[in-house]
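**Q** Attaching a predicted model along with its sequence, questions to come.
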Amino acid sequence: MELTRRGFLGAAPGMCAAAGVLGAVSLSRASGSDDGPGSDGVWPEFPHQRPEWVREMVGVCHRDVDRARALLDEHPALVNATWDWGFGDWETALGAAAHTGRRNIAELLLERGARLDIFAAAMLGQTETVKAMIAAAPGIQRNPGPHGITLLSHAYAGGDAASQTVAYLESLGDVDIKPKIEPLTDEQKRACIGRFGSPAPGEGAVEIAINRNEDLIIKVNGVQAAVLRHAGNHVFFPAGAPAVRITFTNSGSGMDSLAIVDNVPVLTATRIP
């Protein structure tokens, strides 16, 4: 299907989260008159927590223990905040602290009631806990964490305190499995760059660009959604969501359309001249 305004808006909500860590988002108290329609301050997503709160909580848990503590003091239920950075790349606040090696943030979250998982346990050097989890669910060590980061990488993030966990995981031999990625030449990357969708102002558009690390990224309405990894033959998947496929079609004069498939077709979009 073509990327019409209606079709795009129907598909976009699952695509528009940023893959990188976002800057702080100013939070307003629920009692404020600007928090939603009506003087009671009920926001449109209520009783779900405000998306801005959730996104900021997960974002700051990559780096800022003081801000994380302040958010928890104001909104204690954010301890289990979970955000989709795009295409189903879900990350918890604890998951953010785990893959970045932020022990102080992880310990704060656990103290406030976060749910321990195997990735956090690996980063914290809780070797016996990791062993017990793998014994209870054999093969779990092969499952990737947020952004496709492996269990072994989480243990490495724990530094010296997790050295025994690293040694145990390395002894298993299957804890650092990553999706196969095919190389791309600069010419192949440039062929994918551009805008796809409707040329009309205000209509939805998918943009393919290159970031500072020379990776292809996909943006929707100017919001970075994900880094793209090349599976081969102009087929890509978003980092952290290897089941999703983004396929470019080459008519002979360049990549003139793309299709996004998340088990079922989501959208197709043609290149905007």
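**A** Perfect, I can see it now.
**Q** Endpoints of stretch 138-157, how far apart?
**A** End-to-end distance for stretch 138-157, by Cα to Cα, to the nearest Å: 23 Å.
**Q** One more: stretch 96-109?
**A** For stretch 96-109, the first and last residues are 11 Å from each other (Cα to Cα).
**Q** can you give me how far that stretch is from the chain middle?
**A** 17 Å (Cα atoms, centre = their mean, to the nearest Å).
**Q** which ones are touching residue 206?
**A** For residue 206, the contacting residues are 3, 195-197, 218-220, 258, 269, by Cβ atoms under 8 Å, 6 or more residues apart in numbering. For glycine as for every other residue, the C-beta is placed from the backbone atoms N, C-alpha and C.
**Q** SS state for the closest residue to residue 157 other than its chain neighbours?
**A** Closest residue to residue 157 apart from its sequence neighbours, by Cβ to Cβ, 6 or more residues apart in numbering: residue 101 at 3.5 Å. Secondary structure for residue 101, judged by DSSP: H, G, I helix; E, B strand; the rest coil, is coil.
**Q** Can you name the residues that contact residue 101?
**A** 123, 157-159.
**Q** same thing but 10 Å
**A** The neighbours of residue 101, taking Cβ atoms under 10 Å, 6 or more residues apart in numbering as the test, are 123-124, 153-159, 161-162.
**Q** PyMOL command to pick out the buried ones of these?
**A** Applying 16 or more other Cβ atoms under 10 Å to the contacts of residue 101, the buried members can be selected in PyMOL as follows:
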select buried, resi 123+124+153+154+155+156+157+158+162
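**Q** quick one: which of the contacts of residue 101 is nearest to residue 115?
**A** residue 124 (13.9 Å; Cβ to Cβ).
**Q** I'd guessed that closest one sits against residue 109; true?
**A** No: with contact defined as Cβ atoms under 10 Å, residue 124 does not reach residue 109; the gap is 11.2 Å.
**Q** intersection of neighbour lists for these two?
**A** 97-98, 116.
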